[in-house]
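Participant: build the 3D model from these lines:
(chains A and B)
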Amino acid sequence: MTVPVTIRLQRDDFDLATENARLTGADTTIGAVVSFVGRCRGDEDGHAISALTLEHYPGMAEAEIARHVEEALARWPLKGVTVIHRYGRIAPGDNIVLVLTASSHRQAAFAAAEFLMDYLKTRAPFWKSDERQGGDRTWIDAREADDDAAARWDSAAH
Amino acid sequence: MKVLYFAWVRERIGKAEETLEPPAAVRTVGDLIAWLASRGEEYAHAFERPQVIRAAIDQTHVRADTAIAGAREIALFPPMTGG
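Facilitator: Residues are numbered from 1 along each chain as shown, chains lettered A, B, ... in the order given. Reported below is the predicted structural model:
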């Protein structure tokens, strides 16, 4: 049986309820869906911001996300995965990224969602810049904590 | 080969992509970055800290010691900040 996988990069917003319904459909073997929604904060590094802009590497971004979804499917007994990542200009309070993982039981769904987010942060080719008050634009620095979060999966036994 | 730049690497160089034929002595991704850094002020600025630059060959992540022979597309970019 093929596990349904949806990967989309888009400028437009997404709707959690719509994507959840699309992922699960009529599959009554799914007992758990974990959703993660990443949102744009109104502050970055202690500064108020008016928006984020996300740049991405078209082609590679989809391919890199697909590689990590494949790895998640190999590690956990999943029944479906959805990853939607937005690009372009995003205002505080708006959605940036959606990860949905479906499984028969919650443990696999929780673990796979966290795994996918940790890798999206450090391996998917996206770059954020912010707009600060006064119009300055600043590239956001990568966080060591994100690298550490992704690295722990390299040695994790499952 | 086609070379792509993203984020502040792209901004500092002032272009998103170009087609280059590096000399034969340029064998690895690290060699390519060092060679590019010698091509002018804007490149020197983009690659002033080569250790932070990340690379992909044909849309797959690679390390600085990876050979570039046969690559169609090489991308150079800062550490990623998605999600």
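
Participant: could you use CA atoms for every contact and neighbour count after this?
Facilitator: Will do.

Participant: if I pick residue A:63, what's in contact with it?
Facilitator: Residues near residue A:63 by Cα atoms under 8 Å, 6 or more residues apart in numbering or on different chains: residue B:59.

Participant: residue B:5 now?
Facilitator: Taking Cα under 8 Å, 6+ apart, we find residue B:5 in contact with B:15-17, B:75-77.

Participant: could you redo the last one with a cut-off of 6 Å?
Facilitator: Contacts for residue B:5 (Cα atoms under 6 Å, 6 or more residues apart in numbering or on different chains) come out as B:16-17, B:75-77.

Participant: which pair of these spans the longest distance?
Facilitator: Comparing all pairs in the contacts of residue B:5 by Cα to Cα, the longest separation belongs to B:17 and B:77, at 11.8 Å.

Participant: so for the two, which sits in the more crowded spot?
Facilitator: Counted by other Cα atoms under 10 Å in any protein chain shown, residue B:17 and residue B:77 do not tie: residue B:77 has more neighbours, with 23 against 16.

Participant: my read: that one touches residue B:54, true?
Facilitator: Yes - Residue B:77 is within contact range of residue B:54, at 5.3 Å (criterion: Cα atoms under 6 Å).

Participant: which helix is the longest one in the chain?
Facilitator: Using chain A here. helix A:106-123 (DSSP state H).

Participant: not quite, go with chain B.
Facilitator: helix B:29-37.

Participant: what is the mean pLDDT for it?
Facilitator: Helix B:29-37 carries an average pLDDT of 98.

Participant: need the contact partners of it.
Facilitator: Applying Cα under 6 Å, 6+ apart, the set of residues contacting helix B:29-37 is B:26, B:43-44, B:47, B:64, B:66.

Participant: cool, and stretch B:63-71?
Facilitator: With contacts defined as Cα under 6 Å, 6+ apart, stretch B:63-71 is touched by B:27-30.

Participant: and it, how far out from the chain's middle?
Facilitator: Using Cα atoms, centre = their mean, to the nearest Å, the mean C-alpha position of stretch B:63-71 is found 11 Å from that of the whole chain.

Participant: show me what counts as buried in that stretch.
Facilitator: Across stretch B:63-71, burial judged by 16 or more other Cα atoms under 10 Å in any protein chain shown covers B:64, B:67-68.

Participant: distance of residue B:1 from chain A?
Facilitator: Separation of residue B:1 from chain A (Cα to the nearest Cα, to the nearest Å): 17 Å.

Participant: counting contacts, what elements does the helix or strand following the longest helix of chain B pack onto?
Facilitator: Using DSSP states H and E, the helix or strand that follows helix B:29-37 towards the C-terminus is helix B:41-46. Helices and strands touching helix B:41-46, by 3 or more Cα pairs under 6 Å, 6 or more residues apart in numbering or on different chains; DSSP states H and E, are helix B:7-13.

Participant: who does the next helix or strand after the helix it packs on pair up with?
Facilitator: Going down the chain from helix B:7-13, the next helix or strand is strand B:17-19, by DSSP H and E. Using DSSP bridges, strand B:17-19 pairs in its sheet with strand B:2-5 (antiparallel).

Participant: Provide a list of residues in contact with the closest residue to residue A:123 other than its chain neighbours.
Facilitator: Spatial nearest neighbour of residue A:123, excluding adjacent residues (Cα to Cα, 6 or more residues apart in numbering or on different chains): residue B:80 at 6.5 Å. Contacts for residue B:80 (Cα under 6 Å, 6+ apart) come out as A:122, A:125-127.

Participant: quick one: residue A:72 and chain B, what's the gap?
Facilitator: Residue A:72 sits 17 Å away from chain B, going by Cα to the nearest Cα.

Participant: now do the SS call for that residue.
Facilitator: Here residue A:72 is helix, with the state taken from DSSP: H, G, I helix; E, B strand; the rest coil.
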